[in-house]
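**Student:** 3D, please:
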Amino acid sequence: MSVTRGAATYGRGASAYARVGVESGVMSANPHQLIVLLFDGAQASIRAARIHLQAGNTAEKGKAISKALDIINNGLAAALDQEKGGEVAERLGSLYDYIARLLLSANLRNDEESLNQAERLLEDIASAWREIGQQSA
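**Tutor:** Predicted coordinates:
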C-alpha cells in the first residue's frame with residue numbers, strides 16, 4: 001500500500017469515526033443539548049471561515065459561511081417557537097436574522113470584523129443558553 005493510499009484510508013476512517021461520534025452525541029442529546037450543538041457548529045463554521053478568509057481561500061470561506069448560515073437559518077431560527085416563546089422568540093429571530101446578514105456581508109466583502117461580530121453575538125446567546133441548561137439540571 002502506498003503512503004498516499006494509506007493516508008487517504010486513514011483519513012476516511014478518522015472521518016467516519018468522527019461522524020459516528022457526532023451522530024451518537026446527537027442521538028443521545030435532549031432538545032436543550034441539541035440547541036447547544038447547533039451553536040457549537042455555527043461557531044466552529046465561523047472560526048473556519050475566518051481561517052480561510054485570512055488564508056485567501058475564497059471557496060472554502062464561502063462553504064464555511066454557508067454552513068454557518070444553514071445552521072442559523074434552518075436550525076436555530078427554525079427551532080424558535082413563536083407561540084410559546086412570545087417576545088423572546090421574536091427578538092431571538094431578529095437577532096438570528098441580523099447575524100445572518102453579518103455573515104452574508106462578511107462573505108461578500110471579505111469583512112473579518114463582520115465575522116467577529118457574528119461570532120460574539122452567537123457566543124453571547126450560546127452562553128446564556130448553556131447557563132439555562134445548567135440551572136435546570
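
**Student:** can you give me the pLDDT of Gln33?
**Tutor:** What the model reports as pLDDT for Gln33 is 89.

**Student:** ok, it touching Ile132?
**Tutor:** No - with contact defined as C-beta atoms under 8 Å, Gln33 does not count as touching Ile132 (11.7 Å). For glycine as for every other residue, the C-beta is placed from the backbone atoms N, C-alpha and C.

**Student:** so the spatially closest residue to Gly75 that is not a sequence neighbour is in which element?
**Tutor:** In this structure, Gly75 finds its nearest non-sequential neighbour in Leu38, 4.3 Å apart by C-beta to C-beta, 6 or more residues apart in numbering. Following DSSP states H and E, one finds Leu38 within helix 31-55.

**Student:** number of residues surrounding the residue nearest to Gly75?
**Tutor:** Residues near Leu38, counting by other C-beta atoms under 10 Å, number 20.

**Student:** contacting residues for the residue positioned nearest the centre of the chain?
**Tutor:** Geometric centre of the chain, nearest residue: Ala42, 1.0 Å, by C-alpha atoms, centre = their mean. By C-beta atoms under 8 Å, 6 or more residues apart in numbering, the contact set of Ala42 is 68, 71-72, 75-76, 122.

**Student:** do the same with Gln54
**Tutor:** When contacts are counted by C-beta under 8 Å, 6+ apart, Gln54 touches Glu112.

**Student:** buried ones in the helix holding Leu38?
**Tutor:** Buried residues in helix 31-55, defined by neighbour count with 16 or more other C-beta atoms under 10 Å: 35, 38-39, 41-43, 45-46, 48-50, 52-53.

**Student:** hmm, back to that, tell me which two of the contacts of Ala42 sit farthest apart.
**Tutor:** The span of these, defined through C-beta to C-beta, is set by Gly75 and Leu122 at 11.8 Å.
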